[in-house]
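Participant: Below: sequence and its predicted model.
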Amino acid sequence: MTAPMRRIASHYIYWQKWYRMHYLELDAEGCLVGVFPLEQEIANTEFYDGTLILVPSETDYPPSGAFSTEWLTVSGSVVVSSPVNVYRLAGVSPATSELGADHGCGDCHVQRL
């Protein structure tokens, strides 16, 4: 019997770049399998509104409990097969002006999934 995968979909996923309407897949150990287009309903797929961001599981986040643009840099170090933590950022999307360097978007809601 194969180990269960976890599939999590969202309006936006940030992993090295922005993905709209994609899902990410984690293996049974919480390691990233990949990010894939959400083209149809897939059984046992969790869906969350907002933005999902991947960070290495050894990273101590959130550092202050608030999102900052530093998260985008840290997410870029995630590679396939590495263990990750997935965070849902409510109220943050690629079009959100608060992602600019002058505002850390510290008022968005952060939830670890």
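Facilitator: Structure's in. What do you need?

Participant: Any idea how many residues pack against residue 53?
Facilitator: Counted with other C-beta atoms under 10 Å, the neighbours of residue 53 add up to 25. Glycine gets a C-beta too; all of them are placed from N, C-alpha and C.

Participant: who does the strand or helix carrying it touch, helix- and strand-wise?
Facilitator: If you go by DSSP states H and E, residue 53 is part of strand 45-56. Strand 45-56 is packed against strand 6-14, strand 18-26, helix 70-75, strand 84-90, with contacts defined by 3 or more C-beta pairs under 8 Å, 6 or more residues apart in numbering; DSSP states H and E.

Participant: Including distance to residue 44, could the ones you listed go into a markdown table?
Facilitator: Listed next are these as a markdown table, based on distance: least, C-beta to C-beta, whole Å:
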| stretch | distance to residue 44 |
| --- | --- |
| strand 6-14 | 7 |
| strand 18-26 | 11 |
| helix 70-75 | 25 |
| strand 84-90 | 16 |
